[in-house]
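Chemist: Next comes the sequence, and after it the predicted model I'd like to discuss.
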Amino acid sequence: MSRTVKIGFIGAGGIARWQGEQLKKVPGAEVVAVADVNDAAIEQFKKQIPVKTTLKDWKQLLAMKEIEAVSVCTPNKLHCEPTIAALKAGKHVLVEKPMAMNADEAKAMVAAGKKAKRLLQIGFQWRFTPAAQLLHKRVAAGDFGKILYVRAQALRRRGIPSWGVFGRKELQGGGPMIDIGVHILEMAHFVMGAPKATAARGSCYTYIGDRKPDVACSWGAWDHKTYTVEDLAVGFIKFADGASLVIESSFAAHIDKDVFTIQIMGTKAGATYDPLQVFTDDGGYMWNQTPAFAGSGDCFEYKMRHFVECVRDGKKCKAPGEDGLVVQQMLDGIYRSAELNREVTIR
């Protein structure tokens, strides 16, 4: 019988509780401890996730010998330090996206994982969706020919979080680009086959979030007084193989509806993620291909199951720290370009 992987959580907020819910579905996984400075968050975590030990100090959690793996679910600014400390303590680590506040932190985290010879997995789940897996396989098989251009969109019409610290740049590093844009960017880059990024151009705009909410929306009012991030960010990435990618991400934008998709254009075929379709030519005609069934499975559950299986069974990680670093470098490039108002090199 497979052994049980005992897991500790650093951070007890919404994403930690959601991860904990998914772990309930994973045989051989047990959440044994959670650390958070917020008592209310701890109490809510306990209501949802059976846990033996609750702590204020995450360093005490890392001292627990029974814990083999740790999930870091703190605000972005607090990803790096506990991740490196957990790896040094001999724990395997899953850290939520984005990996860090910047690429320098991400590099240090990857280095710590290698030195400790412990797993560092990044909380990228969208690459595990059936649609992303299908497109990735077809790209890898050469069905699209050479990938020329990808358009990635993670857009909300009015979805500024009314909880947490998502509007505070000093704690998050940015707004929608680093929070939800990171999801569509990691998936798009994975589907493309992970080409090497060489340059970035970006623009950021704030025009709604920093003023008092005056339009009704389902997300409720946010704290506009502490809002220091962008509402809308757009970026252009160049790759060493000649391909290019445009990404658009917003918490608030004057658009018809929320959008979360990618569009691929290649020399032999193209595709969209949502709706899932492939566009190609055959027999003298243009064809639109729609799969009758693309597969099933919850990508959030798979992320947690995969983490446990990598820790327990030694499986090769499909979302390693190195992938997180590459995505972080692209995000850094977009934000740096927006600040400098020019194209920047990604090294």
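Modeler: Ah, there it is.
Chemist: hey, where'd the helices end up in the protein?
Modeler: Under the criterion DSSP state H, the chain carries helices at the ranges 14-23, 39-48, 58-62, 80-88, 103-116, 130-140, 169-172, 176, 182-192, 299-313, 321-340.
Chemist: closest to I208 out of those?
Modeler: Distance to I208, taken as C-beta to C-beta, is lowest for helix 176 among the helices of the chain, at 11.5 Å. Yep, even glycine has a C-beta here, placed from its N, CA and C like the rest.
Chemist: Show the average pLDDT along that closest one.
Modeler: Taken as a whole, helix 176 has a mean pLDDT of 98.
Chemist: Contacts for it, please.
Modeler: Here helix 176 makes contact (C-beta atoms under 8 Å, 6 or more residues apart in numbering) with 154, 156, 229-233, 249-251.
Chemist: circling back to that earlier point, out of the helices of the chain, deepest packed?
Modeler: Ranked by mean neighbour count, the helices of the chain are led by helix 176 with a mean of 28 (mean count of other C-beta atoms under 10 Å).
Chemist: Work out the gap between that helix and the centre of the chain.
Modeler: A distance of 12 Å separates the centroid of the chain from that of helix 176, by C-alpha atoms, centre = their mean, to the nearest Å.
Chemist: so what's the closest residue to G142 other than its chain neighbours up against?
Modeler: Leaving aside its chain neighbours, G142 sits nearest to K268 (7.7 Å; criterion: C-beta to C-beta, 6 or more residues apart in numbering). By C-beta under 8 Å, 6+ apart, the residues touching K268 are 142-145, 280.
Chemist: any idea how far K268 lies from G202?
Modeler: According to C-beta to C-beta, to the nearest Å, K268 and G202 sit 30 Å apart.
Chemist: swap in D36?
Modeler: Distance from D36 to G202, by C-beta to C-beta: 33 Å.
Chemist: List only buried entries from the contacts of K268.
Modeler: Buried members of these, counted by 16 or more other C-beta atoms under 10 Å: 144, 280.
Chemist: Look through this structure and report the residue furthest from the middle.
Modeler: G284 (40.8 Å; C-alpha atoms, centre = their mean).
Chemist: picking that back up, out of the contacts of helix 176, who's the most crowded?
Modeler: S249 (32 neighbours; other C-beta atoms under 10 Å).
Chemist: how's the protein carved up into domains?
Modeler: Structural domains assigned to the chain are 5-125+300-319, 126-297+329-345, following automatic domain parsing.
Chemist: what's the first-to-last distance across the last one?
Modeler: Distance between the boundary residues of domain 126-297+329-345 (C-alpha to C-alpha, to the nearest Å) amounts to 27 Å.
Chemist: where does this protein have low pLDDT?
Modeler: 1 (pLDDT under 70).
Chemist: swap the cut-off to 90 and go again
Modeler: 1-2, 216-218, 294-295, 347 (pLDDT under 90).
Chemist: Would you check that my belief about E68 contacting F307 is correct?
Modeler: No. Applying C-beta atoms under 8 Å, one finds E68 not in contact with F307, separated by 11.2 Å.
Chemist: Between the two, which contacts overlap?
Modeler: Residues touching both E68 and F307 (C-beta under 8 Å, 6+ apart): H92.
Chemist: residues in contact with stretch 276-289?
Modeler: 131, 134-135, 138, 143, 268-271, 290-291, 294.
Chemist: Closest one of these to E322?
Modeler: Comparing these against E322 with C-beta to C-beta picks out L135 as the nearest, at 21.5 Å.
Chemist: so how far is C299 from that closest one?
Modeler: 14 Å.
Chemist: residue contacts, T53?
Modeler: Going by C-beta under 8 Å, 6+ apart, the list of residues near T53 reads 32-34, 61, 64.
Chemist: who does it bridge with?
Modeler: A33 (DSSP bridges).
Chemist: That one and M192, how far apart?
Modeler: 43 Å.
Chemist: would you list the contacts of K268 in TSV and tack on distance to K47?
Modeler: As requested, the contacts of K268 are exported to TSV (distance: C-beta to C-beta, whole Å):
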residue	distance to K47
G142	50
D143	48
F144	47
G145	52
T280	51
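Chemist: from the contacts of K268, which is closest to G209?
Modeler: Comparing those against G209 with C-beta to C-beta places F144 closest, at 37.4 Å.
Chemist: Not counting sequence-adjacent ones, nearest residue to the closest one?
Modeler: G266 (3.3 Å).
Chemist: same thing with I178?
Modeler: I178's closest residue in space is P98 (C-beta to C-beta, 6+ apart), at 5.1 Å.
Chemist: now A269
Modeler: With sequence-adjacent residues excluded and distances taken as C-beta to C-beta, 6+ apart, A269 is closest to T280, at 3.9 Å.
Chemist: any idea how far M286 is from A269?
Modeler: Using C-beta to C-beta, we find M286 at a distance of 11 Å from A269.
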